[in-house]
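*Asks:* Quick check, what structure comes out for this input:
(one chain, ligands or ions: 2)
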Amino acid sequence: MFSYFKFLSNDIAIDLGTANTLIYVKGKGIIVNEPSIVALNRQTRKMVAIGHEAKEMLGRTPSDIEIIRPMKDGVIADFEVVEDMLREFIRKVHINRFTRPRMVISVPSSITEVEKRAVRDSAEHAGASEVLLIAEPMAAAIGVGLEIHQPIGSMVIDIGGGTTEIAVIALSGIVCETSVRIGGDEMSKVILQFFKRNYNMLIGEKSAEEIKFSLGSAVPLEEEITLPVKGRDLVAGVPKITEVSSVEIREALSEPINAIVDAVRQSLEKTPPELASDILDRGIILTGGGGLLRGLDERLREETNLPIHVAEDPLTCVVRGTGKVLDDIEFYSKVLMKSRR
Ligand code: ADP
Ligand code: MG
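*Replies:* Numbers count the residues shown, from 1 in each chain. Ligands and ions are numbered 1, 2, ... in the order given. Below you'll find the predicted structure:
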């Protein structure tokens, strides 16, 4: 009887990101890929929307609804909301309700014991029978198919919503890592501020992100682009439309991009020479949604003189790697994080 239920149980792998939460179910693939955003009723604190649906509400909510991003800089900022969010996402994957699933969850490599504990507790309250943790850069490296068990150094740059994590991996471990609290969300924020300062115009958080996708870049473009942007005039208080060019947006983005470039330089300086020579041969892998910013790979190539490869489907690397670990926990036992219970 027990083994029958065991057969039915679907263990899951979770990338609990600042911007997006992804869930991989053993034997089924990636079933959840949604923003880590929850809409709550202010009075009752009940969840009214989650994920994509909650993101659509950004900037459009009536006063009785509050939009919460319960993850900040890669770690849990609002414990109760994360628990509800996880429970709801896990409910969506329709795993067998008779057994509690085992969960492998990716977390920032610089996470503290207290922060680890919060992830474990949330997952357990959301139904986990056992929680195993893996460092995000390690998961990303496994996700892109690097041979992490080999005595060869690989460098991974993961640019997420709140943070950029740079790690050198060899022999199933993280040899050195650098983490800065700048990522894709900071890029959207500086675009929002740019419109305030230069055009006296207020744009929404979602528009700022869309402008980053359509006009944002880290190097000059062969053909610069100009697009109309809609917002509200801060002086007249009425809706207005302005033409903005990719040149202006690149200028606005320069600060966070320079900070990321500096962090990459610092981590190269920290890398032991033998591993640095491996990286010189094999290059650096760029993952995370921020890695999709137009020309960021080229900019990093110019700055470091190293080969830079944007991972295939950078937004799912971490969950795919976490899923591979879930599929063969024994093979990957060495890469799991040690933590006190
Ligand atoms: P996290 O792991 O922190 O949840 P993700 O790896 O999911 O983060 O990346 C989310 C970030 O990537 C967001 O800030 C998002 O705006 C940004 N992003 C996604 N696609 C692109 C793109 N095409 N160009 C630039 N930034 C992007
Ligand atoms: Mg991530």
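*Asks:* I105 should be in a strand, yeah?
*Replies:* Yes: assigned with DSSP: H, G, I helix; E, B strand; the rest coil, I105 falls within a strand.
*Asks:* Report the mean confidence score over stretch 46-58.
*Replies:* Taken as a whole, stretch 46-58 carries a mean pLDDT of 95.
*Asks:* Please save the CA atoms from that stretch in PDB.
*Replies:* What follows is stretch 46-58, C-alpha atoms only, in PDB (Å, rounded to 0.1, in the frame of the first residue of the first chain):
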ATOM      1  CA  LYS A  46      -7.500  36.900   1.700                       C
ATOM      2  CA  MET A  47      -5.800  36.200  -1.600                       C
ATOM      3  CA  VAL A  48      -7.800  37.600  -4.600                       C
ATOM      4  CA  ALA A  49      -5.300  36.900  -7.400                       C
ATOM      5  CA  ILE A  50      -1.900  35.300  -7.900                       C
ATOM      6  CA  GLY A  51       0.800  35.100 -10.600                       C
ATOM      7  CA  HIS A  52       0.000  36.500 -14.000                       C
ATOM      8  CA  GLU A  53      -3.500  37.600 -12.900                       C
ATOM      9  CA  ALA A  54      -2.000  39.600 -10.000                       C
ATOM     10  CA  LYS A  55       0.700  41.100 -12.200                       C
ATOM     11  CA  GLU A  56      -2.000  42.300 -14.700                       C
ATOM     12  CA  MET A  57      -3.500  44.200 -11.800                       C
ATOM     13  CA  LEU A  58      -0.300  46.200 -11.100                       C
END
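*Asks:* Name the residues of it that are buried.
*Replies:* M47, V48, A49, I50, G51, A54, K55, M57, L58 (16 or more other CB atoms under 10 Å). Quick note: C-beta positions are derived from backbone N, CA and C, even for glycine.
*Asks:* So which bits of the chain are right by ligand 2?
*Replies:* Residues of the chain found near ligand 2 (CB under 5 Å from the ion) are G17, G160.
*Asks:* re the thing from before, which of the buried residues of stretch 46-58 sits closest to F331?
*Replies:* G51 (32.0 Å; CB to CB).
*Asks:* Does the closest one touch E34 like I think?
*Replies:* Yes: in terms of CB atoms under 8 Å, G51 counts as a neighbour of E34; the distance is 3.0 Å.
*Asks:* Quick check: neighbours shared by those two?
*Replies:* T21, F89 (CB atoms under 8 Å, 6 or more residues apart in numbering).
*Asks:* Tell me which residue in the stretch 151-300 of the chain sits closest to ligand 2.
*Replies:* Nearest residue of the stretch 151-300 of the chain to ligand 2, counting by CB to the ion: G160, 3.8 Å away.
*Asks:* check contacts around that residue.
*Replies:* Contact analysis of G160 by CB under 8 Å, 6+ apart lists G17, T18, A19, G74, E136, G183, G184, G288, G289, G290.
*Asks:* which stretches of the stretch 1-150 of the chain form helices?
*Replies:* 2-8, 52-56, 79-92, 113-125, 136-143 (DSSP state H, counting those that start in this stretch).
*Asks:* Next: the stretch 201-341 of the chain.
*Replies:* Under DSSP H, counting those that start in this stretch, the stretch 201-341 of the chain gives helices at 205-215, 246-270, 273-282, 296-304, 317-327.
*Asks:* Which other helices and strands does the longest one contact?
*Replies:* Spelled out, that is helix 246-270. Counting contacts by 3 or more CB pairs under 8 Å, 6 or more residues apart in numbering; DSSP states H and E, helix 246-270 is packed against strand 154-159, strand 164-170, strand 173-180, helix 184-199, helix 205-215, helix 296-304.
*Asks:* Indicate which one of the ones you listed is closest to V335.
*Replies:* strand 173-180 (7.7 Å).
*Asks:* coming back round to it: out of the contacts of G160, who has the most neighbours?
*Replies:* If you count neighbours using other CB atoms under 10 Å, the busiest of the contacts of G160 is E136, which has 32 neighbours.
*Asks:* Quickly note the distance from the residue of the stretch 1-150 of the chain found nearest ligand 2 to T271.
*Replies:* Of all residues in the stretch 1-150 of the chain, G17 sits closest to ligand 2, at 3.9 Å by CB to the ion. G17 is 26 Å from T271, where distance means CB to CB, to the nearest Å.
*Asks:* what's the answer for D327, then?
*Replies:* From D327 to T271 the distance is 30 Å (CB to CB).
*Asks:* go on, G160?
*Replies:* 21 Å.
*Asks:* Likewise for T163?
*Replies:* 19 Å.
*Asks:* more crowded one of these two?
*Replies:* T163 (27 against 20).
*Asks:* my guess is the more buried one meets G183, correct?
*Replies:* Yes: between T163 and G183 there is a contact at 5.2 Å, judged by CB under 8 Å.
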